[in-house]
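Colleague: just a sequence and a predicted model for now, questions to come.
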Amino acid sequence: MMHGLQGIGMTSLRTRERMICRLIEQGISNDNVLNALRNTPRHIFMDEALASRAYEDISLPIGCHQTISQPYIVAKMTELLLGSAQRLTKVLEIGTGCGYQTAILSQLVDRVYSVERIVSLQQKAKERLSALNIKNVMYSNHDGHFGWPEHGPYEGILVSAAPPEIPKMLLKQLTVGGVMVIPIGNANKQQLQRITRTQNGYRGEELESVMFVPFLSGTT
Ligand code: SAH
């Protein structure tokens, strides 16, 4: 295989290390998050034709009109989700996509529950994570509006598609003290938000402007 797990040339460890330096310059400071990105071969999550661009700070197509988020956004969302915790026990991810964010989470969380509405994308993601010997992820093909109540509540919920407003069912599946990181908005304007469940309600923070694919209904 041209681009094996190890990587050569533009997919080598050196290229990955340059990506890590860039993330530090961009303000990512959680060492556990940086190490997870350092350990994860991003090039295997995309088509071979795009593998040479895998470590640039850009989003790239993954099929079915979906995109893999740029490394900075993956790192930032993961850092926000962890907060001051070293590790979380249970996290719900909405939008498995190619599985890259899932692979990062799997290294920082005891168990990841990952929901995706497009079955073909999730199937490929499953194969990639199993090739990386990642075993602490559970997958489900359903509409993420509903979360995954059977396994909740979760200490963290990470959403990687943008709904116009926060899905109510997801809020209910957070533990007290739990954190949800989610882009909110439309095709023109979106804001990354962090919502923390408190003893008597929810606290929201608006972070930076982002651009995600839309959060859609139903499954395919
Ligand atoms: N973190 C992913 C990002 C993929 S793009 C990655 O690294 O590849 C966002 C994903 O969210 C797409 O795969 C899309 O199909 C999925 N998605 C959008 N709306 C959804 C919904 N309601 N439920 C579940 N998944 C959804």
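Modeller: Right, received. Where do you want to start? Numbers count the residues shown, from 1 in each chain.
Colleague: not counting its neighbours along the chain, what's nearest residue 36?
Modeller: Using Cβ to Cβ, 6 or more residues apart in numbering and skipping residues adjacent in sequence, the residue nearest residue 36 is residue 107, 4.3 Å away. In short, each C-beta sits where N, CA and C put it, glycine included.
Colleague: show the pLDDT at that neighbour.
Modeller: Per-residue pLDDT puts residue 107 at 98.
Colleague: with residue 36 instead?
Modeller: On the pLDDT scale, residue 36 is placed at 97.
Colleague: next, the residue most central in space within the chain: phi, psi?
Modeller: Nearest residue to the geometric centre of the chain (Cα atoms, centre = their mean): residue 101, 3.3 Å. Backbone torsions of residue 101, given as degrees, to the nearest 10, read phi -60, psi -40.
Colleague: go ahead and confirm it touches residue 91.
Modeller: No: in this structure, residue 101 is not within contact of residue 91 by Cβ atoms under 8 Å, at 10.5 Å.
Colleague: need the overlap of contacts for those two.
Modeller: Shared contacts of residue 101 and residue 91 (Cβ atoms under 8 Å, 6 or more residues apart in numbering): residue 158.
Colleague: buried residues in stretch 154-168, which are they?
Modeller: By neighbour count on 16 or more other Cβ atoms under 10 Å, the buried set for stretch 154-168 is 154-163, 166-167.
Colleague: for stretch 65-77, same thing?
Modeller: 66-77.
Colleague: and it, how far apart are its ends?
Modeller: 22 Å (Cα to Cα, to the nearest Å).
Colleague: hmm, that stretch touching the ligand?
Modeller: Yes: using Cβ under 6 Å from any ligand atom, stretch 65-77 reaches the ligand at 66-69.
Colleague: in this structure, which strand has the most residues?
Modeller: Counting residues, the longest strand in the chain under DSSP state E turns out to be strand 174-185.
Colleague: now the strands: where do they sit in this structure?
Modeller: 60-63, 66-68, 88-94, 109-115, 137-140, 154-159, 174-185, 190-198, 201-210.
Colleague: switch the ones you listed over to CSV; also include distance to residue 220.
Modeller: Output for the strands of the chain, formatted as CSV (distance: least, Cβ to Cβ, whole Å):
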stretch, distance to residue 220
strand 60-63, 12
strand 66-68, 11
strand 88-94, 15
strand 109-115, 14
strand 137-140, 14
strand 154-159, 19
strand 174-185, 21
strand 190-198, 23
strand 201-210, 24
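Colleague: most tightly packed of those strands?
Modeller: Of all the strands of the chain, strand 154-159 carries the top mean neighbour count, a mean of 26, counting by mean count of other Cβ atoms under 10 Å.
Colleague: who does it pair up with?
Modeller: Paired strands of strand 154-159, with direction, are strand 88-94 (parallel), strand 174-185 (parallel) (DSSP bridges).
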